[in-house]
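Need the 3D shape of this:
(one chain, ligands or ions: 2)
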Amino acid sequence: MTYQLDIQPCPEWNLFTRLQRPLVIAGPCSAESEEQLFETATLLKNNGIEVLRAGIWKPRTRPNCFEGIGMKGLPWLQHIQKTLGLKISTEVANAHHVEAALKHDIDMLWIGARSTANPFAVQEIAEALRGVDIPVFVKNPVNPDIELWIGAFERLYLRGIKKMGAIHRGFSSYNSARYRNTPQWQIPIELKRRVKQLPLFCDPSHIGGHREYIQEISQKAMDLGFDGLIVESHVHPDCALSDAAQQITPVQLKEILEHLVIREAHP
Ligand code: PEP
Ligand code: MN
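Residues are numbered from 1 along each chain as shown. Ligands and ions are numbered 1, 2, ... in the order given. Below you'll find the model as predicted:
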């Protein structure tokens with residue numbers, strides 16, 4: 001079946017225009033402190049980034065890890081939005097998160113890979129977003145199930161969300177491999193074939209699991225015609241409270257972006 005969801009572009013961000021490929025969303029895996037977030041955001045802005053990502057609520061695989069700063073990080077994001085003029089985005093996993101994020105004028109939300117695998121969670125988020133006109137990005141589910149991924153877009157769409165994007169972050173596997181999450185590039189390509197207007201972003205940080213892979217994965221995504229990248233960047237990557245090995249400094253990010261070869265997108 002070919003889906004024709006009427007997904008709308010966001011011209012005010014030049015978000016989904018081919019001319020601006022890649023649109024880059026960057027920021028720390030987690031907001032850890034006001035200083036860490038502000039310093040990172042300032043450096044990102046100085047290096048040409050316009051959209052900040054930062055996890056406030058962190059769904060971790062195992063307990064007793066850093067599970068996010070929670071609500072108190074939202075004013076930090078809002079302060080950055082007001083003072084630095086960056087667009088701000090965070091992950092939501094339930095209706096409470098959505099309500100809190102909207103109260104703090106969040107510009108964009110994303111649904112994480114573990115939540116996409118849970119239709120009840122996606123449905124709850126979709127209900128909480130009813131009538132809200134901000135872009136919502138959906139990461140692929142941790143398992144390579146394209147129907148589950150498409151189902152999440154449909155749940156949002158049916159509640160009136162028209163500005164959507166997909167984030168490819170790779171798929172969990174039991175066997176250890178070069179990358180932390182296997183890309184299985186054919187799955188996002190098939191998604192794009194079936195949901196034609198959907199902007200496609202790549203998350204090289206979570207695919208690779210290590211900073212040394214970010215360049216090659218980003219280049220592969222560009223070669224495949226992806227529209228954008230979402231990259232984890234931290235002012236002091238090795239000190240990060242989550243996903244330290246895969247984070248890069250804003251300057252390293254700029255260098256990676258400068259070395260990307262951007263060819264004409266595939267039709
Ligand atoms: C994240 O973006 O920090 C994150 C938790 O990613 P994922 O949902 O892809 O595991
Ligand atoms: Mn992360």
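
and this structure, which of its residues are near ligand 1?
Counting by C-beta under 6 Å from any ligand atom, the chain comes close to ligand 1 at 29, 55, 112-114, 139, 169, 206. C-beta: built from backbone N, CA, C; applies to glycine.

got CSV for those residues, with distance to Asn46, secondary structure and neighbour count too?
What follows is these, written out as CSV (distance: C-beta to C-beta, whole Å; DSSP: H, G, I helix; E, B strand; the rest coil; neighbours: other C-beta atoms under 10 Å):
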residue, distance to Asn46, secondary structure, neighbour count
Cys29, 20, coil, 24
Gly55, 22, strand, 25
Gly112, 28, coil, 23
Ala113, 30, helix, 24
Arg114, 33, helix, 17
Lys139, 28, strand, 25
Arg169, 27, coil, 24
His206, 25, helix, 24
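
so what's the closest residue to ligand 1 within the chain up against?
Nearest residue of the chain to ligand 1: Gly112, at 3.1 Å (C-beta to the nearest ligand atom). By C-beta atoms under 8 Å, 6 or more residues apart in numbering, the residues touching Gly112 are 59, 91, 93, 139.

and the second one, that's in a strand?
It refers to Glu91. Yes. Assessed with DSSP: H, G, I helix; E, B strand; the rest coil, Glu91 lies in a strand.

Would you confirm that it contacts Ile106?
No. At 10.5 Å, Glu91 does not count as touching Ile106 under the criterion of C-beta atoms under 8 Å.

chain center to stretch 94-113, what's the gap?
13 Å (C-alpha atoms, centre = their mean, to the nearest Å).

end-to-end on that stretch?
13 Å (C-alpha to C-alpha, to the nearest Å).

so how far is Ser115 from the residue in the stretch 101-250 of the chain positioned nearest to ligand 2?
Closest residue of the stretch 101-250 of the chain to ligand 2, C-beta to the ion: Asp243 (3.8 Å). Separation of Asp243 from Ser115 (C-beta to C-beta, to the nearest Å): 17 Å.

quick one: which of these two has more around it?
Neighbour totals were compared for Asp243 and Ser115, and Ser115 leads with 25 against 19 (other C-beta atoms under 10 Å).

secondary structure class for the more buried one?
helix.

Retrieve the pLDDT associated with it.
pLDDT recorded at Ser115 is 98.

And Lys72, by the same measure?
97.

try Phe16
57.

Endpoint to endpoint, stretch 138-147 covers what distance?
13 Å.

Leaving out the residues flanking it, which one is nearest to Gly170?
Spatial nearest neighbour of Gly170, chain neighbours left out: Asn181 (2.8 Å); criterion: C-beta to C-beta, 6 or more residues apart in numbering.

Quick one: residues contacting that neighbour.
Per C-beta under 8 Å, 6+ apart, neighbours of Asn181: 142, 169-173, 206-207, 209.

Can you flag the buried ones in the residues you listed?
For the contacts of Asn181, a burial check counting by 16 or more other C-beta atoms under 10 Å picks out 142, 169-171, 206-207, 209.

tell me which of the residues you listed is nearest to Glu124?
Using C-beta to C-beta, Val142 comes nearest to Glu124 of these, at 18.5 Å.

returning to that earlier point: tell me the least confident of the contacts of Asn181?
Of all the contacts of Asn181, Ser173 has the smallest pLDDT value, namely 91.

Could you say which helix or strand holds that one?
For Ser173, there is no enclosing helix or strand under DSSP states H and E.

That one and Gln184 touch, don't they?
No. Counting by C-beta under 8 Å, Ser173 stays clear of Gln184, with 9.3 Å between them.

and the closest residue to Val24 other than its chain neighbours, what are its bridge partners?
With sequence-adjacent residues excluded and distances taken as C-beta to C-beta, 6+ apart, Val24 is closest to Leu229, at 5.1 Å. Going by DSSP bridges, Leu229 is paired in beta bridges with Val24, Cys202.
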